[in-house]
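S.K.: my questions concern the predicted model and sequence given below.
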Amino acid sequence: MPQSSAPDPDPAPGLITIGRAAKKASLGARTQVIVPVGGDAAALSGQVEALATCRADIVEWRADTFLASLVGSHFVAASEVESDVVSMARYVADSSPLPVLATIRTSVEGGEAYLDDEEYCALVRALALVAGGVDVEISRDGSSALIEEAHEAGAIVVASFHDFEGTPGDEQLAEVLAAMNYAGADVLKFACMATSATDAARVLAAQAWAREAYDRPVIGIAMGPNGAPTRLVGSALGSAATFATLPGWEGSAPGQFTVEQVRAVLDIVEGG
Ligand SMILES: O=C1C[C@@](O)(C(=O)O)C[C@@H](O)[C@@H]1O
């Protein structure tokens, strides 16, 4: 259902605004720090409170971890959980001082949600009515239509691809990024496990290439110890955002630094 609060027009080519009302951030210029929050309702409220004093720009609500706290590791129908998930999304959107990116990471891409494609699309559609942005896994059947529907609902779309085993070849990475661009995503994101320094370097090369080829914000992440430096390189190497943890809370992927650590490096790399 189209909403009145359509996304703001792009302020400039290659720049995307995420957020609703007064909570906004810009992707595509200085690297934005995205802090993931998740878990059950009690854990979430502790993390949302901690956002007030953390120097992040955007909060990512990992709705899949909340879903897992409700139903465990089982396939579910969207209709069984939608009202709980949407209520929690509203809570995060209202209580967080930062714009919200809502993510349902499915088990196929390393997350905790067990949903088939249809149920996944239904839940993401519901979240798009509440959050400033939604993550859409590009490999899901129906992802292109979902991107359009999320836009109509007033959310920007971060298309995503994950490989927790390794880093695909250059050609496959280029194909994934091309598919995200073709599908009309606002931000192109890929995260791959780096098993060597070469993998990390290839992720950075693909990120820089996509930034030039598509003029859309790109987030390239090499996960794990070999890839950790890719989380700190900043916009000079094409990075629109980096995911960093709230101190004292678990991160959402291997190799993440804390918000303060990332901030300190980005202040040097991009100028404080
Ligand atoms: O896609 C990503 C990137 C990520 O996997 C990372 O490696 O930092 C963390 C996830 O929470 C997020 O949805």
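M.R.: Great, that's in hand.

S.K.: so the residue nearest to Val203 when sequence neighbours are not counted, which state does it fall into?
M.R.: Closest residue to Val203 apart from its sequence neighbours, by Cβ to Cβ, 6 or more residues apart in numbering: Ala222 at 4.2 Å. Backbone N, C-alpha and C define where each C-beta goes, glycine included. Look at Ala222: counting by DSSP: H, G, I helix; E, B strand; the rest coil, its state is strand.

S.K.: wait, Ala222 touches Val233, no?
M.R.: No: between Ala222 and Val233 there is no contact, the gap being 10.3 Å when judged by Cβ atoms under 8 Å.

S.K.: which neighbours do those two share?
M.R.: Shared contacts of Ala222 and Val233 (Cβ atoms under 8 Å, 6 or more residues apart in numbering): Leu204.

S.K.: quick one: which of these two has more around it?
M.R.: The residue with more neighbours, out of Ala222 and Val233, is Ala222; 28 against 21, by other Cβ atoms under 10 Å.

S.K.: residues touching that one, list them.
M.R.: Ala222 touches 167, 191-194, 199-200, 203-204, 228, 230, 255, counting by Cβ under 8 Å, 6+ apart.

S.K.: tell me what it is bridged to.
M.R.: Listed beta-bridge partners, Ala222: Cys192 (assigned using DSSP bridges).

S.K.: what pLDDT does it get?
M.R.: Note on Ala222: pLDDT of 98.

S.K.: now Asp8
M.R.: 51.

S.K.: what does the stretch 101-250 of the chain put close to the ligand?
M.R.: Neighbours of the ligand within the stretch 101-250 of the chain, by Cβ under 6 Å from any ligand atom: 103, 105, 135, 160, 189, 191, 221, 223, 243.

S.K.: mind redoing it with 5 Å?
M.R.: By Cβ under 5 Å from any ligand atom, the residues of the stretch 101-250 of the chain that approach the ligand are 103, 191, 221, 223, 243.

S.K.: now, which of the residues you listed sits nearest the ligand?
M.R.: Phe243 (3.3 Å; Cβ to the nearest ligand atom).

S.K.: phi, psi of that closest one?
M.R.: phi -100, psi 130 (degrees, to the nearest 10).

S.K.: who's in contact with it?
M.R.: Applying Cβ under 8 Å, 6+ apart, the residues contacting Phe243 are 34-36, 60, 221, 231, 251-253, 256.

S.K.: grab the nearest non-local neighbour of it.
M.R.: With Cβ to Cβ, 6+ apart, the residue lying closest to Phe243 is Ile34, at 5.0 Å.
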